Every structure is written in C-alpha cells, then in structure tokens.
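Peer 1: Just to be clear, the model below is a prediction. Sequence and coordinates:
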Amino acid sequence: MSNESFLKRKNVIISPKVYFVDAMSGMAQGLFASLLMGTILGTLAKYILMLQFPIFQTVGQFINEIGKMATAVTGAAIGVGIASALGAPMLVIACSAAIGHFANGFGNDVYTAGPLGVFVAVIIAVELGKIVSKETKVDILVTPLVTLSAGYLVAYFTCPSIAVAMNALGSFINNATQLRPFLMGIVVSVVVGIVLTLPISSAAICASIGISGLAGGAALAGCCAQMIGFAVISFRENKWGGVIAQGLGTSMLQMPNIVRHPQIWIPATLASAITGPIATMLFELKCTGVSAGMGTCGLVGPIGAISAMSENGSMGVVDWVGLALVCVVLPAVISLVISEGMRKLGLIKFGQMTLD
C-alpha cells in the first residue's frame, strides 16, 4: 500500500483548505462555545446583578457562574472543535481536549500561546493520532499515548515562540491604532472585514493576536460593515431571509457570488474603510479578541463592545449612539448608497447577489 493510499484510508488529507479553512472553522466553533459564550453571559450577568431584587441577584449569579465555567475550558473546547473538524476518531478528540487545555495556557514566563498555540499543537497531534488509530490490538493505550505525547511535545517547543510572536503582533496593531487611529482604523477595519467574508475565521485570528482597544473597535466596524452591508444591498434578491442570514449569520454566504462577480464586494469594503476611522476617532469604540471578529453574528460583536467599554463604568449616551451607528446604521446607509450608484452604472446587476 502506497503512502498516499494509507493516508487517505486514515483520513489524513494534507491540504491548505483542511488546515486553514476546516480546522480554523472548528477552532472558531470551540471559541464560540467557550470564551465567547463566557463573555456574553458575563456581560448579561453584570447587568442583571444591577437590579436590586433577590430573584435577579440569584439569576445573575447563576448566569455568571456558567460564564466562568465556559471561559475556563476555552483551550479544551478549541481542541475538540479542531479535532472534530479534522474528522478525528472519538479517542483522539478526547485527547485533543487535554492538549488544547495545556497549549492554551502554555508559553513563556509572561505570555501564553492562546488559541494559535492550541491550533498548531492539536492539528499535529490529531493527524498523528489518526495515523495510529486502530492499527494495533492495544489501541486504547497506543492512540492516546501517541496523541497526547505529540501534542505535549509540539506545544512545549512551539508555544513559547508563538506566545511572544502573537503578543508582539497584537501589541503592534493595538499601539499603532492608538498612535494613528485614522490610518490604522481604515487598515484594520478593511482587512478584518475582508477576512470575515473569506472562508477563514476572523474571530479566531482576532483572538490569536489579542486584538483589543481601538483596534478591536476598528475590527468590529469592519466585520459589521461586511455583514450589514451585504444584508442590505442584497435585499431585493434575498428579502428578509437574506437579511437575517447575512446580518445575524455571516457575509461568508456571498463568497460564491464574489468569486463570480468581484465588484459586489466594493460597497461593503468601502463602508468598512469609512466606519473604521469613525469608530476609532469619533466614538473611540473598543472591543476585544474574538468578539471583535464576530461582527453582528448573533449580536456577539456589539455585546463584546458593551463589555469592553463598560469595564470602568457604565456606557454613556454617546457610546450607545456610536455603537448603533458604527455597527448598524452607517454600514447600511453607506453600502446602500454605493451599491445603488453601481447598479445605475450597470456595474452591479440584479441576481448577482442571490443566495443559493
């Protein structure tokens, strides 16, 4: 049996799509089920606990504990998500939880590798685990031993460097946005917004580099511009179902249409270039990590912004107005104006944004 046929039999497919689309999608699912839900529940609990009634205090504490529980297993959830996306056997998936938990918190003396450390360690461990799975009569011992050992060794040798590199990259982006809010507001908003629409995970990337502060606000603006933008400009083709699917789901649904008609990407991308600096300079919108890369998906991005901006006290009227304008109103208006102009010029035609 050739090496190629053996790997195919073991479901080991060495492909950029598998590792940077499928695995990253699994990583995003794990992040959503743990860190993201923990953030949402923690924010919800904070506001419930402000209500000075015994029943609300009890409910708020209950929700807060659930949020803490979800956040505590972030690494394990990411590991399981990646392993599942790679089609790993159940025994390998179980081992990936342990590897993910270790890699997420491992790094150097100052920083941890976080989600990207989990991503690297789990992918290699899972593929090796799949190769040895069910190849011996003592599979119950061999598979976990190989998977766990591989995961530990990879994490041990790569996570310290990953921790330093990701912290440096995140610090550079965050600091650069503080120093040059106009230029970086445009760059971060456009780049992260484009990544959100591409078949890779903007949430996972934002979490990995530790984007925060004004840079997080710019990233959120870019993601919202893509989602709300496409939801509005494709309304005549997709009606309210398209608004919900794209505005509260993902603009990634338009990717097949973008490949066929790249010009339909212009309105939402220009909207992100405009709302990015508005977020950083006018309203000083802030957001952190995975929430910044989610946009309006399930309203996770705005909730994350509320959490980040209310850390040192409650949000003011200007903050709420800015959040509504940057996340919903401006992306809708700007994208619609640009797209209608392009339709009149014949650059965008009816049916080019129809969802299958």
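Peer 2: Thanks, I have it. Worth saying up front: this structure is predicted, and the values here are computed from it rather than measured. Residues are numbered from 1 along each chain as shown.
Peer 1: need the helices for the stretch 151-300 of the chain, in chain order.
Peer 2: 181-197, 202-209, 213-233, 235-247, 255-260, 266-277, 289-292, 300-309 (DSSP state H, counting those that start in this stretch).
Peer 1: and Ala98, which of those is closest to it?
Peer 2: helix 202-209 (20.3 Å; CB to CB). All C-beta atoms are positioned from the backbone trio N, CA, C, and that covers glycine.
Peer 1: Could you name the helices and strands sitting against that closest one?
Peer 2: In terms of contacts (3 or more CB pairs under 8 Å, 6 or more residues apart in numbering; DSSP states H and E), helix 202-209 is packed against helix 23-31, helix 114-132, helix 139-179, helix 181-197, helix 213-233, helix 289-292.
Peer 1: Save the ones you listed as JSON lines, and put in mean neighbour count, distance to Ala324 and mean pLDDT too.
Peer 2: Output for the helices and strands packed on helix 202-209, formatted as JSON lines (neighbours: other CB atoms under 10 Å; distance: least, CB to CB, whole Å; pLDDT from 0 to 100):
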{"stretch": "helix 23-31", "mean neighbour count": "25", "distance to Ala324": "26", "mean pLDDT": "85"}
{"stretch": "helix 114-132", "mean neighbour count": "26", "distance to Ala324": "30", "mean pLDDT": "93"}
{"stretch": "helix 139-179", "mean neighbour count": "18", "distance to Ala324": "22", "mean pLDDT": "93"}
{"stretch": "helix 181-197", "mean neighbour count": "24", "distance to Ala324": "17", "mean pLDDT": "93"}
{"stretch": "helix 213-233", "mean neighbour count": "32", "distance to Ala324": "11", "mean pLDDT": "95"}
{"stretch": "helix 289-292", "mean neighbour count": "30", "distance to Ala324": "17", "mean pLDDT": "82"}
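Peer 1: Ok, which of these comes nearest Arg343?
Peer 2: Nearest to Arg343, of these and by CB to CB, is helix 213-233 at 8.9 Å.
Peer 1: Show me how far the closest one is from its chain's centre.
Peer 2: Chain-centre distance of helix 213-233: 13 Å, with CA atoms, centre = their mean, to the nearest Å.
Peer 1: Just want the angle from it to helix 202-209.
Peer 2: 170 degrees (axes from the mean of the first three to the mean of the last three CA atoms, to 10 degrees).
Peer 1: residue closest to the middle of this protein?
Peer 2: Ala203 (1.2 Å; CA atoms, centre = their mean).
Peer 1: Could you list which residues are in contact with that one?
Peer 2: Ala203 sits next to Ala28, Leu31, Phe32, Leu36, Val290, Ser291, Gly293, Met294 when contact means CB atoms under 8 Å, 6 or more residues apart in numbering.
Peer 1: Quickly check these for the two that are furthest apart.
Peer 2: Between any two of the contacts of Ala203 (CB to CB), the greatest distance is 12.3 Å, for Ala28 and Ser291.
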